[in-house]
Structures are given as C-alpha cells and as structure tokens.
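1. what follows is a predicted structure for the sequence shown.
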Amino acid sequence: MLANNIYQLNVDGKEILLIGTAHVSKQSAEQVKEMIEQERPDSVCIELDEGRYKSITEQNKWENTDIVQVIKEKRAILLLVNLILSTYQKRMANQFDIQPGQEMIQGIESAKKAGANIVLVDRDIQTTFKRIWRGVSFWGKVKLFFSIILSIFDDEEITEEELEKMKTEDMLTSALNELSSNFPDLKKYLVDERDQHLAQKIKEAPGKKIIAVLGAAHIPGIKEEIFKEHDLKKLTEIPRKPKFSKLIGWMIPLAIILMILSTFSVDTSKGIDQIISWILWNGSLSAIGTIIAGGHILSILTAFLVAPITSLNPLLAAGWFAGFTESFIRKPRVKDFKNLTEDISTIKGFWKNRVTKILLVVILANLGSVIGTWIGGINIIRSFIQNVL
C-alpha cells in the first residue's frame with residue numbers, strides 16, 4: 001500500500017509514481033531512498049533545473065558571482081530573489097538539521113545506485129522569474145518584491161509534524177487558493193505553468209517505470225496536467241514586450257521634453273521651474289532609495305545626478321549607475337560571499353553584506369527614480385496646461 005503522499009499513475013503505457021515531498025523534511029529524503037530501492041525505476045525525475053541543481057550541490061556557488069556582470073545583465077532583482085528563496089529554505093533546513101533539497105539530492109544519489117536515468121524536469125528558475133516579471137504590473141512587482149523581502153525576517157518556527165502536514169492535498173489546495181487571492185498573476189507562472197512543464201517532462205522520461213520526486217505543492221496540478229499535451233517551447237520562452245510598449249517608452253520622455261520646451265517659449269521662468277521640479281523629484285527620490293539601501297555617499301550622489309537623465313532614456317536606469325558606483329567603492333569581499341546566506345537571514349546582515357547592499361542600491365534607486373518620474377511628470381503636465389494651453 002502506497003503512502004498518502006505517493007500517487008501511482010498509468011500514462012501512455014508507463015507506470016509513473018509521484019512522490020510529494022517537503023523540501024526540508026528528513027522523512028521525505030528517507031522515503032525517496034526507500035521508494036527508489038524498492039521500485040528500481042528506469043528513470044528518476046527530479047524537480048530541479050541545471051542551475052538549481054548546481055546551487056544545492058556546489059558549496060562555493062555565490063563566491064563565483066560577478067556582481068558587476070549581474071547589474072549589466074539586468075539580473076539584480078532575480079539574484080536577490082534567488083538569494084532570499086535559498087536562504088529561507090536553508091533556515092528551515094537548519095531547524096530540522098537537514099541539507100536544503102536533501103530529498104532531491106537523495107533522489108539523484110539513489111538513482112545512480114539503481115542505474116536509473118536521472119532527468120531534471122523543472123523549468124529554469126531564471127525563465128520562471130522573467131515570465132513573472134513580464135506578466136506582473138509595476139505595482140504588483142513592488143508589492144511582490146517587498147513581500148519577499150519581509151518574508152526573510154519571519155523567524156516563526158514550525159514543528160516537524162506541521163511540516164509533514166504540508167504534504168496533504170487539502171492544506172495545499174488552501175495554500176494555493178490564498179496565494180491566488182493575494183497574487184493572482186503569480187500563481188499562473190510559479191505553479192500552474194511549472195505543473196505543465198513538470199508533467200510533460202515526466203511523461204517524456206525514458207523507460208516504462210518512472211519515479212518523480214516533487215515538491216508536494218505540485219502534485220495536484222501534475223496529476224491533472226500529465227494526461228494533457230503541453231508545448232515545452234512555449235512554456236520556456238520569454239514573452240517579448242509589445243512593440244507599442246517600446247514606442248510608449250520613448251514617447252513619454254519625448255512628450256515631457258516637448259512640454260518643457262513649449263513652456264519655455266511662453267514663460268522662461270516657468271520652464272526653468274519645470275526643469276528644477278523634474279530634477280528634484282527624480283534625483284531626490286532615487287537618492288532616498290539609495291540611502292534606504294545603505295549606499296555610499298558617492299552612490300547617493302550618483303543616483304541624484306543621473307536619475308533625471310536616465311528617466312528620459314528607456315535604455316538606461318539610475319540604479320545601474322548607482323550600483324556600479326557602490327560596487328567600485330565597496331567591492332564585495334570573499335567573506336561577503338561566504339557569509340551571504342547567513343547575513344541575509346537578519347535585518348542587520350541584509351543591509352551590512354556588501355553583495356546584498358549593492359543589489360538593494362540598484363533596485364531601490366530604480367524604484368525611487370520611477371516614482372520620481374511619475375510625480376515630476378505630473379507636475380510638468382500641470383504646469384504645461386496652466387501656462388501654455
């Protein structure tokens with residue numbers, strides 16, 4: 001008789017066993033080992049992608065990070081979220097004295113011993129983050145970002161019994177409903193699409209008998225999606241921004257410049273007031289964001305000086321320049337990378353570590369500049385209407 005978190009399915013002539021696990025549970029790791037030894041499958045599917053597999057098996061994964069390259073490639077937010085998620089899992093793992101993702105590692109080790117094919121079936125985490133970022137509104141991104149930030153300071157502990165209850169379908173359904181109500185767009189990318197990707201990869205795994213080691217939250221969705229056909233190419237592509245959005249990105253700065261010039265032609269003093277308002281709102285709010293991040297005085301000054309200019313160019317961002325300045329003045333040390341996952345679990349460490357400080361400078365300087373653009377733009381429009389129209 002199978003345990004209540006193990007499900008047996010027959011799909012296209014294949015016997016598929018889904019093991020729903022809690023990612024930091026000793027019992028989950030032991031159960032995975034026992035099932036693979038007992039069933040001797042042809043393939044073992046693991047809920048990991050190449051990047052996450054390396055992140056839980058390589059001890060020095062953060063030490064090889066080029067923070068400047070991260071900023072250039074516009075991956076500051078992705079890296080910060082990745083750090084927070086891995087740190088949250090590590091904190092839970094420390095509570096139960098188990099390595100994060102141990103049940104996944106156990107699945108790989110047991111598959112090797114059993115001579116089974118190892119299939120990494122999850123979608124690349126960077127792809128998932130990018131699809132989320134493209135699909136969520138600006139204020140949705142802000143809300144999501146701060147919700148994730150606040151989550152790392154939640155130090156409430158749970159019992160092992162409560163952890164094991166996470167495997168039950170009723171609790172998972174309730175949790176997903178709550179997630180959907182708080183972030184309706186997030187569930188589509190983080191859960192639903194990944195369920196489809198996981199299901200398709202599992203049933204395409206070689207052999208007649210397949211064991212899939214999965215986070216319990218995905219089991220209900222996979223049980224439904226595995227009987228359907230899914231286009232993996234469509235699920236892994238990054239949606240392109242609509243052409244009109246790029247056009248709007250250039251039209252708004254152009255409109256602001258034209259309104260300032262028009263006001264200048266009617267009343268020079270009012271035109272100067274518009275320029276000063278634009279500079280102060282953009283520069284000040286971007287600088288304030290850098291201050292909140294704990295940036296160096298030169299990073300703060302950089303944010304203030306470049307924000308009014310970068311706001312008029314969709315290809316540039318104030319946070320990039322402030323981040324470059326911060327990384328040059330306070331270049332991360334080896335110990336910053338080594339202590340990264342420990343530092344990020346506390347408020348003091350989060351703002352003290354030079355790696356996270358740089359990431360925060362990039363993100364909060366950009367956020368301040370965006371808000372400053374809206375406020376400064378509204379003031380310019382108001383002045384244009386009063387003095388020109």
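-> Nice, I can see it. Computed from a predicted model, the values in this text were never measured in an experiment.

2. show me where pLDDT drops low in the stretch 251-389 of the chain?
-> In the predicted model of the stretch 251-389 of the chain, residues 345 satisfy pLDDT under 70.

3. now the helices for the stretch 51-200 of the chain?
-> Taking DSSP state H, counting those that start in this stretch to define them, one finds helices in the stretch 51-200 of the chain at 67-72, 76-95, 102-114, 125-135, 138-151, 160-165, 169-182, 184-187, 193-204.

4. worst mean pLDDT among those helices?
-> Lowest mean pLDDT within these: helix 169-182, at a mean of 48.

5. so residue 127 sits against residue 234, correct?
-> No: counting by Cβ atoms under 8 Å, residue 127 sits too far from residue 234 to count as a contact (11.8 Å). Just so you know, the C-beta spots here come from the backbone N, C-alpha and C atoms, and that holds for glycine as well.

6. which of these two has more neighbours?
-> The neighbour comparison of residue 127 against residue 234 (other Cβ atoms under 10 Å) goes to residue 127, with 19 against 9.

7. tell me who's in contact with that one.
-> Counting by Cβ atoms under 8 Å, 6 or more residues apart in numbering, residue 127 makes contact with 236, 238.

8. what about it, distance to residue 366?
-> Here residue 127 is placed at a distance of 22 Å from residue 366 (Cβ to Cβ, to the nearest Å).

9. what does residue 82 give?
-> Separation of residue 82 from residue 366 (Cβ to Cβ): 18 Å.

10. neighbour-wise, which of the two wins?
-> In terms of neighbours (other Cβ under 10 Å), residue 366 is the more surrounded of residue 82 and residue 366; the figures are 24 against 18.

11. how about the more buried one, what does it touch?
-> Residue 366 makes contact with 286, 289, 317, 318, 319, 320, according to Cβ under 8 Å, 6+ apart.

12. now those in CSV, with neighbour count and distance to residue 13?
-> Formatted as CSV, those follow (neighbours: other Cβ atoms under 10 Å; distance: Cβ to Cβ, whole Å):
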residue, neighbour count, distance to residue 13
286, 35, 60
289, 29, 57
317, 23, 52
318, 33, 57
319, 35, 53
320, 19, 53
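
13. just put the residues you listed in CSV and tack on secondary structure and distance to residue 340.
-> What follows is these, written out as CSV (DSSP: H, G, I helix; E, B strand; the rest coil; distance: Cβ to Cβ, whole Å):
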residue, secondary structure, distance to residue 340
286, helix, 26
289, helix, 22
317, coil, 24
318, helix, 25
319, helix, 20
320, helix, 21
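
14. tell me the helix or strand right after the strand or helix carrying residue 290.
-> For residue 290, the host element (DSSP states H and E) is helix 268-292. Downstream of helix 268-292, the first helix or strand assigned by DSSP H and E is helix 297-310.

15. list the buried ones in stretch 296-305?
-> Neighbour-count burial for stretch 296-305 flags 296, 299, 300, 301, 302, 303, 304, 305 (criterion: 16 or more other Cβ atoms under 10 Å).

16. kindly report the same for stretch 120-136.
-> So for stretch 120-136, counting by 16+ other Cβ under 10 Å, buried means 120-123, 125-133, 136.

17. for residue 189, give me its contacts.
-> 128, 131, 132, 135.

18. residues in contact with the second one?
-> The contact partners of residue 131, by Cβ under 8 Å, 6+ apart, come to 189, 193, 238, 239.

19. can we see that at 6 Å?
-> residue 189 (Cβ atoms under 6 Å, 6 or more residues apart in numbering).

20. measure it to residue 228 for me?
-> 20 Å.

21. what do you get for the last one?
-> Taking Cβ to Cβ as the measure, residue 135 falls 21 Å from residue 228.

22. also the third one?
-> When Cβ to Cβ is applied, the distance between residue 132 and residue 228 equals 23 Å.

23. next one: residue 112
-> On the measure of Cβ to Cβ, residue 112 and residue 228 end up 31 Å apart.
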